[in-house]
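Visitor: pasting the sequence and the predicted coordinates here, then a few questions.
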Amino acid sequence: VGGECEVPSSDDLAQIIDVFGESNGDACLKTCIRHLRHSVLDEWVTVSLLTSIKALLENASDESEAAMIRAQDRLNALEATPLISVLLERPSMVVVQNAVQMGIALLEGGNKKCQDALLYYFANHDEKFFLTFRKILKEAEASVSHRIKTGCSEIIAADSPASLVKDLLRLLQLLCEGHHFEFQNYVRHQHDNFNTYNMCVTVMELLHTMLLVLDDTTVPVVDQALNTLTELCQGPCAANQEAIVGCNIVTEVNRLLTNEFEGEVEADDLMGLKSAAIICLSSLLEGSQDATIPNLMLSGLDLS
């Protein structure tokens, strides 16, 4: 059932959060989560519930890191974590974006209980998380390519806003936060699925295209893509390092480091991108046992 989306007011959110915090709050939360997972709700209802759950997590985060972890663990125990996957498959991009933002709040700091719960869900359910994830990133990539060919000013398709792409990349980073080795490998190869999608390659392909048109819209996406690639490698995860190096990351970083993009990017933003790029290169060297990657960097980077 459709419905015009209406984000709840701050007063409405406060009242909902108060209910979640009462003595029967767990029962209310569990009922809401069950309906979000298994019922067909109006868009505005879904968005309101997701916004309330996210606000509950953000309020706890503002209180302290320990309070945030308790709130995350509480929601995970009430089976909220699978919502990240279930709602990503919904047709409404408004619902998808709110689900991703809720997922970011739930995984903030690299909550291992939530990471493990989502990995377990992926292993035991026929889900389309990475298919949908890749589809949205490919739509963004295609929109940039269209802009390059036609000179069109709109860079991202109307149903795949740049902020959603950035949020998705942040979510991917948090799945692997804290060197979660199992998830680092899973995002590269979903061994339990008939079709598998290499997110290392997908993010690299997005980065390549976004670097062709650096502006206010693409800079945050490029920055997040570099941060995500860094997290995919750190630990280290040698297989992800190999996959990313195989996608010519050194060439892309060299292009970023050696160009000033005058008139296209603010100086502070460009400095931030270059810093993120250098950190990304450093993550590719982590734990290196031979000279292959260092030699690629020496040959591919303009050090003059």
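Guide: Yes, it's here.

Visitor: okay, CA-based contacts and neighbour counts for the rest of this
Guide: Fine.

Visitor: the stretch 101-250 of the chain: strands as residue ranges?
Guide: Assigned strands in the stretch 101-250 of the chain: none (criterion: DSSP state E, counting those that start in this stretch).

Visitor: need the helix or strand of this structure with the lowest average pLDDT.
Guide: Among the helical and strand segments of the chain, the one scoring lowest on mean pLDDT, DSSP states H and E is helix 10-21, with a mean of 65.

Visitor: tell me the first helix or strand C-terminal of it.
Guide: helix 25-38 (DSSP states H and E).

Visitor: got a list of contacts for that next one?
Guide: Residues outside helix 25-38 that contact it (CA atoms under 8 Å, 6 or more residues apart in numbering): 19, 20, 41, 46, 49, 78, 79, 80, 83, 86, 87.

Visitor: wait, residue 165 touches residue 139, no?
Guide: No: counting by CA atoms under 8 Å, no contact exists between residue 165 and residue 139, whose distance comes to 9.6 Å.

Visitor: who's more crowded, those two?
Guide: The neighbour comparison of residue 165 against residue 139 (other CA atoms under 10 Å) goes to residue 165, with 26 against 18.

Visitor: from residue 255, how far out is the more buried one?
Guide: Plainly put, residue 165 is 22 Å away from residue 255 if you go by CA to CA, to the nearest Å.

Visitor: what of residue 276?
Guide: Relative to residue 255, residue 276 is positioned 14 Å away (CA to CA).

Visitor: so these two - more neighbours on which side?
Guide: Under the neighbour definition other CA under 10 Å, residue 276 and residue 255 were set side by side, and residue 276 has more, 20 against 15.

Visitor: buried ones in stretch 193-206?
Guide: By 16 or more other CA atoms under 10 Å, the buried positions in stretch 193-206 come out as 197, 198, 199, 200, 201, 202, 203, 204, 205, 206.

Visitor: same thing with stretch 287-294?
Guide: Of the residues in stretch 287-294, those buried under the neighbour-count criterion (16+ other CA under 10 Å) are residue 293.

Visitor: now the end-to-end length of it.
Guide: Span of stretch 287-294 from end to end, CA to CA: 12 Å.

Visitor: how about the helices in the stretch 1-150 of the chain?
Guide: Counting by DSSP state H, counting those that start in this stretch, the stretch 1-150 of the chain has these helices, from start to end: 10-21, 25-38, 43-63, 65-77, 83-86, 93-107, 112-124, 129-150.

Visitor: same deal with the stretch 201-304 of the chain?
Guide: With DSSP H, counting those that start in this stretch, the ranges of helices along the stretch 201-304 of the chain come out as 218-233, 238-245, 249-258, 267-285, 292-300.

Visitor: out of the ones you listed, which one sits most buried?
Guide: helix 218-233 (a mean of 25; mean count of other CA atoms under 10 Å).

Visitor: let me know the angle separating that one from helix 249-258.
Guide: Relative orientation of helix 218-233 with respect to helix 249-258: 140 degrees, computed using axes from the mean of the first three to the mean of the last three CA atoms, to 10 degrees.

Visitor: many thanks, have a good one.
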